[in-house]
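Visitor: need a structure here:
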Amino acid sequence: MSQPSTEPIVTPAPPAGQGSTGTPAAPAQPGATEVPTGWDGPFDAARAKAAIDAGRREAAELREKARKFDEAEKAKMSELDQHRTTAQSEKARADGLELTAARLRAGLAHGLTEAQANRLTGNTPEEIHADGAAFAQELGITKADPAAAPGGETPPEKDITGNSRQRPTQQPVVTPRGGTDPSSEPELDLEKIANEIPR
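Guide: You can find the predicted model right below:
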């Protein structure tokens, strides 16, 4: 293996009054540190450090300008634009809730469970209602009035066999019994009442 050469690499110097790219050199400003634009001659650590420091300063200035530009763009968004954005997001949320409610109404109208109703698809309540009717028909579920519109009066539920089923409640079932005429006074038989008293 050959040893690296220790001789400095020499590049030809540009003509007098021009920079390393062949363009006229910018006049030096008073008080400004001269930043080398090209390397003419052997490596100079001081010049390299000055070039690196200048690059870092320029990068920091550009980052600050970009940050200020972003802040200005955000400030340009007027209050009206912010309200429009909020209104659009709220409308999308309301539309989603409307379709969820339409799924549940269609499921209820066609005798589907909540899980089955959540499977219904469509972009409008009418499409969801039609999908609910088709799904219920595939499952063999029938209702007393399958044409009940979403949100309208729904007929009583029926099971797969077509028998009415009532939802369970926590109220007791009162069975009316026949009795006497409430407008007349009952006859009191004191002897019968006395015999019923245990002695």
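Visitor: residue ranges for the helices of the chain, please.
Guide: When assigned using DSSP state H, the helices of the chain occupy the ranges 45-76, 79-109, 114-117, 125-139, 190-196.
Visitor: looking at the ones you listed, which is closest to residue 184?
Guide: Distance to residue 184, taken as C-beta to C-beta, is lowest for helix 190-196 among the helices of the chain, at 18.4 Å. The way it works is simple: take the backbone N, C-alpha and C, and place the C-beta from them, glycine included.
Visitor: what's the average pLDDT for the closest one?
Guide: Confidence over helix 190-196, taken as the mean pLDDT, stands at 86.
Visitor: leaving out chain neighbours, which residue sits closest to residue 104?
Guide: Among residues not flanking residue 104 along the chain, residue 117 sits closest, at 5.3 Å (C-beta to C-beta, 6 or more residues apart in numbering).
Visitor: before we move on, the earlier item: return the most buried member of the helices of the chain.
Guide: helix 125-139 (a mean of 17; mean count of other C-beta atoms under 10 Å).
Visitor: thinking again about what came up before, let me see the contact set for the residue nearest to residue 104.
Guide: For residue 117, the contacting residues are 103-104, 106-108, 132, taking C-beta atoms under 8 Å, 6 or more residues apart in numbering as the criterion.
Visitor: and of those, the nearest to residue 82?
Guide: Nearest to residue 82 out of the contacts of residue 117 is residue 103 (C-beta to C-beta; 32.4 Å).
Visitor: which residues touch that closest one?
Guide: For residue 103, the contact set (C-beta under 8 Å, 6+ apart) comprises 117-118, 120, 128, 132.
Visitor: do you know how far it is from residue 97?
Guide: Distance, residue 103 to residue 97, by C-beta to C-beta, to the nearest Å: 11 Å.
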